[in-house]
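> Any chance you could fold what I've pasted below:
(chains A, B, C and D)
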Number of protein chains: 2
Amino acid sequence: MAESPPTIYDVASEAGVSIATVSRVLNGYSQTRAATRDRVLAAVRELGFVPNGAARGLSRGSKRILGLVFAHTPADDDLLAEEEGSLLFTDSIVRGAEESAERHGYSLLLSGAGGEHGDHAASVNALTGKTDGLILLDRVLPERRLSAIGKRFPIVLLAGSGRCRSAVTVRVDNEGGMRAVAEHLVAVHALRRMAFVSGFADSPDSASRGAALCLAVTELGGELRPADHLTADWTSSGAARVVQQRLASGGEVPEAIVCANDQMAVGVIHVLAANGLHVPDDVAVVGFDDVPLARHLSPPLTTVRQPTRQLGVVAVESLVALLEGIAPTRRDIVLPTELIVRGSCGCVADGDARGSAGSAAAAVVGSR
Amino acid sequence: MAESPPTIYDVASEAGVSIATVSRVLNGYSQTRAATRDRVLAAVRELGFVPNGAARGLSRGSKRILGLVFAHTPADDDLLAEEEGSLLFTDSIVRGAEESAERHGYSLLLSGAGGEHGDHAASVNALTGKTDGLILLDRVLPERRLSAIGKRFPIVLLAGSGRCRSAVTVRVDNEGGMRAVAEHLVAVHALRRMAFVSGFADSPDSASRGAALCLAVTELGGELRPADHLTADWTSSGAARVVQQRLASGGEVPEAIVCANDQMAVGVIHVLAANGLHVPDDVAVVGFDDVPLARHLSPPLTTVRQPTRQLGVVAVESLVALLEGIAPTRRDIVLPTELIVRGSCGCVADGDARGSAGSAAAAVVGSR
DNA sequence: TTGTATGCGTTATCAG
DNA sequence: CTGATAACGCATACAA
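Residues are numbered from 1 along each chain as shown, chains lettered A, B, ... in the order given. Sure, this is the predicted structure:
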């Protein structure tokens, strides 16, 4: 049905020149006489010619395609688990990466690493053939696999632990962000007994946030008992569930609950309310990410902003640099985070729905 | 630095066979003696061989890559406009599409259609060379451009108006969903004066939702004045802004405000509260999408659920069918929506944070 | 400035 | 069952 698309040969004969000339005017490295160039361009338009990417890639040895691999959230049996907590986070990264890739003349290939069932390693390996380089998100592959592939193929790690030596890593300053949270809670609100709600147990991001919070809280004279280190799954429902269990188990209610992302904070606020606990009067709640909705919740969410989109941008730029043979200045790139103080920690929120005005509605505390 | 990857020739000589044999065992169409097959496989593993996608695509005339093109939200000057309202929606589609593509043996190429500045048409045209088929989201191209490309290249439209004849369209039943909303508001809550908050003015989805609501409300004896048809931009802030203006302009406050998506509903609830109006006692608010957070808001959001992920899945399947030469049964595929009744319309919410149990916590009303 | 010829890595069509 | 070999569409070194 669909007749095969025009090739460079069609254009050449249409314009009465050789394919070499067509190629030249299209890629414009060499000089071409204006007249012939116009003829070629006319023919291109006439035929609606678009260079075949496969042929081009084969010929010049570069497909101009970058791969971005993320780990599928285990949707499991739970059909409602569309509620993917990592969703906002991942997708913001994707946006940034796509935009940056395009700007550098590349396209972005997306992969969920073979779904949940499939062999992640095999899936990533296959992508190796379709792309020029790969960006791997948190949790897609164990470190040893990583270095195995990283030695033979350009790779950038995103939001990893930063401990992998065989590849460039881009991540955010979880430690600084959590320290800022701890300081604020202890110094400003005089809170002592904290709890932490984590994402997936195997997430480096979640782990480093929990560890940093615990360390800072302890140093500042607060307390974060192991029993109050709650393990959830990045989702509102998951967080609500573990907090519900924690409340049901009796024992003193923590004075503050810090969550590894904003979705979970919403779930926590919700379940606290269901138990007659008011935020922030009875319990302070803090999130992480600063998703757009955060400022519109009631109370507006105090949270740690991380430059999610920028994460994607920087990852792509690092990868492109790698591909162009530029030796990476640093193998561990850390992007800053900042504490955004709103109402859920007990501060008086004065911000309204407007956020574009000159001065931000919320206080900002740098993490570094 | 990176030595060029092994080719099929390397594998062949390593295994002591011809490249034809290697190709055969790798693609497994023809029979091969077990012994030689093992030798080849061993060589493949040994060398870490991965077929070059470009060469493969060139040879077999199919790149096994599908493109998904979305319109970049005009981030404009406003740096905070990361607040992309369409984000959740688009990204859920992307997930579904990616998963489905992978299942069918394809990869997914993502494109924001040249950023906001670039020529969308040119951008889409270029993608034509890197992919086997394209899925175009709402707003990326005007209809005439669409049909121009659609005639020469496999295309599926997503969330369009459904009026394009030159391509298969996949969309949701906006009309049914909005009718259900109107009926519920009028019949159950005896509300009459409604308002509608739209997304971008040029979005078919938003337009059809507004039109359907208006029609249904009027038919049911309610009222939706032109002045109460508020045009926003899919974002919380945008919605908050237009509603604030509407309130400031005086005049009777609508009894219900229906929004074209959930993000905007959140912004509306927020700004209403800022004006001393309580939801749902003073004003009922309804959203659209049923994002995961919706049930955890206070009050839990009454909204229209649409199968976002499924949208991506179906689009991919339609496209793959097209590529395999299967004539599309229908050129306009409409996925069902359903009204999810929670608290923000005035109903008593009894659902808690759990949502996976046998019976849903919220009432469900089919749209058809 | 332009044309000719070769290579890129696979698949697929032939013979053997 | 296996091995040569011809496409596939484009870029490019080399000639003219």
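> what's the helix or strand where A:L157 lies in contact with?
Assessed by DSSP states H and E, A:L157 sits inside strand A:155-158. With contact meaning CB atoms under 8 Å, 6 or more residues apart in numbering or on different chains, strand A:155-158 is reached by A:93, A:133-138, A:146, A:149, A:164, A:166-171, A:311-312, A:315, A:318-319, A:322. (Each C-beta comes from the backbone N, C-alpha and C, glycine too.)
> Selection in PyMOL covering whichever of these are buried, please.
The buried subset of the contacts of strand A:155-158, as determined by 16 or more other CB atoms under 10 Å in any protein chain shown, is captured in PyMOL by this line:
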select buried, chain A and resi 93+133+134+135+136+137+138+146+149+164+167+168+169+170+171+311+312+315+318+319+322
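> Can you flag which of the contacts of strand A:155-158 belong to strands?
Judged by DSSP state E, the contacts of strand A:155-158 include A:G133, A:L134, A:I135, A:L136, A:L137, A:V168, A:T169, A:V170, A:R171 as members of strands.
> nearest to A:V181, of the residues you listed?
Distance to A:V181 across the ones in strands among the contacts of strand A:155-158 (CB to CB) is lowest for A:R171, with 17.7 Å.
> Can you give me the distance of that closest one to chain B?
19 Å (CB to the nearest CB, to the nearest Å).
> For that residue, give me the pLDDT.
Note for A:R171: predicted pLDDT of 92.
> Repeat that for A:T235.
Confidence score, pLDDT, at A:T235: 87.
> hmm, the longest helix seen in chain A in reach of chain B?
Looking across chain A with DSSP state H, the single longest helix is helix A:86-103. Yes. Judged by CB under 8 Å from any CB of the partner chain, helix A:86-103 comes into contact with chain B through A:L87, A:L88, A:T90, A:D91, A:S92, A:V94, A:R95, A:E98, A:E99, A:E102, A:R103.
> which among these gets closest to A:R60?
The closest of the residues of helix A:86-103 next to chain B to A:R60 turns out to be A:E102 (CB to CB; 18.8 Å).
> I'd assumed B:L110 was in contact with the closest one.
No. In this structure, A:E102 is not within contact of B:L110 by CB atoms under 8 Å, at 9.7 Å.
> would a markdown table of the ones in strands among the contacts of strand A:155-158 with distance to A:E255 be doable?
Listed next are the ones in strands among the contacts of strand A:155-158 as a markdown table, based on distance: CB to CB, whole Å:
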| residue | distance to A:E255 |
| --- | --- |
| A:G133 | 47 |
| A:L134 | 44 |
| A:I135 | 40 |
| A:L136 | 38 |
| A:L137 | 34 |
| A:V168 | 40 |
| A:T169 | 35 |
| A:V170 | 35 |
| A:R171 | 30 |
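> Looking at these, which is nearest chain B?
Nearest to chain B out of the ones in strands among the contacts of strand A:155-158 is A:G133 (CB to the nearest CB; 10.0 Å).
> near DNA strand C, which residues of the stretch 51-200 of chain A show up?
Residues of the stretch 51-200 of chain A lying near DNA strand C by CB under 7 Å from any atom of the strand: A:A55, A:L58, A:S59, A:G61.
> Filter those down to the ones in strands?
Among those, no member is found in strands (DSSP E).
> Need the buried ones from the residues of helix A:86-103 next to chain B selected in ChimeraX.
With 16+ other CB under 10 Å as the criterion, this ChimeraX line picks the buried residues out of the residues of helix A:86-103 next to chain B:
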select /A:87,88,90,91,92,94,95,98,99,102
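> Out of the residues of helix A:86-103 next to chain B, which is nearest to A:T235?
Closest approach to A:T235 among the residues of helix A:86-103 next to chain B (CB to CB): A:L87, at 9.2 Å.
> so how far is DNA strand C from A:G267?
Per CB to the nearest atom of the strand, to the nearest Å, A:G267 is found 47 Å from DNA strand C.
> Where does that residue fall, secondary structure wise?
Going by DSSP H and E, A:G267 is part of helix A:262-274.
> Measure how far that helix is from the centre of its chain, please.
How far helix A:262-274 lies from its chain's middle: 23 Å, per CA atoms, centre = their mean, to the nearest Å.
> can you tell me if it touches chain B.
Yes. Applying CB under 8 Å from any CB, one finds helix A:262-274 touching chain B at A:Q263, A:V266, A:G267, A:I269, A:H270, A:V271, A:A273, A:A274.
> how many neighbours does A:D282 have?
With neighbours defined by other CB atoms under 10 Å in any protein chain shown, the count for A:D282 comes to 13.
> looking at this, it is in a strand?
No. Counting by DSSP: H, G, I helix; E, B strand; the rest coil, A:D282 is not found in a strand; it is coil.
> That one contacts A:L272, doesn't it?
Yes. Using CB under 8 Å, A:D282 makes contact with A:L272 at a distance of 7.3 Å.
> count of neighbours near A:P254?
By other CB under 10 Å, 24 other residues sit near A:P254.
> Mind checking which of the residues of the stretch 51-200 of chain A next to DNA strand C are buried?
Among those, the ones that count as buried by 16+ other CB under 10 Å are A:A55, A:L58.
> and the residues of the stretch 51-200 of chain A next to DNA strand C near chain B, which?
On the criterion CB under 8 Å from any CB, A:A55, A:L58, A:G61 are the entries of those that sit beside chain B.
> And these, which is closest to B:D332?
Nearest to B:D332 among those: A:A55, at 35.5 Å, using CB to CB.
> Now do the same contact list for the closest one.
Applying CB under 8 Å, 6+ apart to A:A55 gives the contacts B:A54, B:L58.
> check which helix or strand covers A:T21.
A:T21 is part of helix A:19-27, with elements assigned from DSSP H and E.
> Check what contacts that helix and list those residues.
A:8-9, A:11-12, A:15, A:30, A:32, A:36-37, A:40-41, A:43-44, A:51.
> just the CA coordinates of the helix or strand that comes right after it, formatted as PDB?
Going down the chain from helix A:19-27, the next helix or strand is helix A:34-47, by DSSP H and E. The C-alpha trace of helix A:34-47 is given here as PDB (Å, rounded to 0.1, in the frame of the first residue of the first chain):
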ATOM      1  CA  ALA A  34      24.000  27.900  -5.900                       C
ATOM      2  CA  ALA A  35      22.200  26.800  -9.000                       C
ATOM      3  CA  THR A  36      22.700  23.100  -8.500                       C
ATOM      4  CA  ARG A  37      22.000  23.500  -4.800                       C
ATOM      5  CA  ASP A  38      18.600  25.000  -5.600                       C
ATOM      6  CA  ARG A  39      17.800  22.300  -8.100                       C
ATOM      7  CA  VAL A  40      18.600  19.700  -5.500                       C
ATOM      8  CA  LEU A  41      16.600  21.400  -2.800                       C
ATOM      9  CA  ALA A  42      13.700  21.700  -5.200                       C
ATOM     10  CA  ALA A  43      13.800  18.000  -5.900                       C
ATOM     11  CA  VAL A  44      13.900  17.200  -2.200                       C
ATOM     12  CA  ARG A  45      10.800  19.300  -1.600                       C
ATOM     13  CA  GLU A  46       9.100  17.900  -4.700                       C
ATOM     14  CA  LEU A  47       9.600  14.300  -3.700                       C
END
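> Contacts made by helix A:34-47 with the rest, please.
A:6, A:10-12, A:14-17, A:21-22, A:25-26, A:32, A:49.
> cutoff 7 Å now
The contact list for helix A:34-47 (CB atoms under 7 Å, 6 or more residues apart in numbering or on different chains) reads A:P6, A:D10, A:V11, A:E14, A:A15, A:G16, A:V17, A:T21, A:V22, A:V25.
> A:S30: how many residues sit nearby?
A:S30 has 10 neighbours, counted by other CB under 10 Å.
> Quick check: closest non-adjacent residue to it.
A:R24 (4.8 Å; CB to CB, 6 or more residues apart in numbering or on different chains).
> For that neighbour, give me the pLDDT.
Per-residue pLDDT puts A:R24 at 95.
> residues touching whichever residue of the stretch 151-300 of chain A sits closest to chain B, list them.
Proximity of the stretch 151-300 of chain A to chain B (CB to the nearest CB) peaks at A:A240, 3.2 Å away. Applying CB under 7 Å, 6+ apart, we find A:A240 in contact with A:G267, A:V268, A:H270, A:V271, B:A353.
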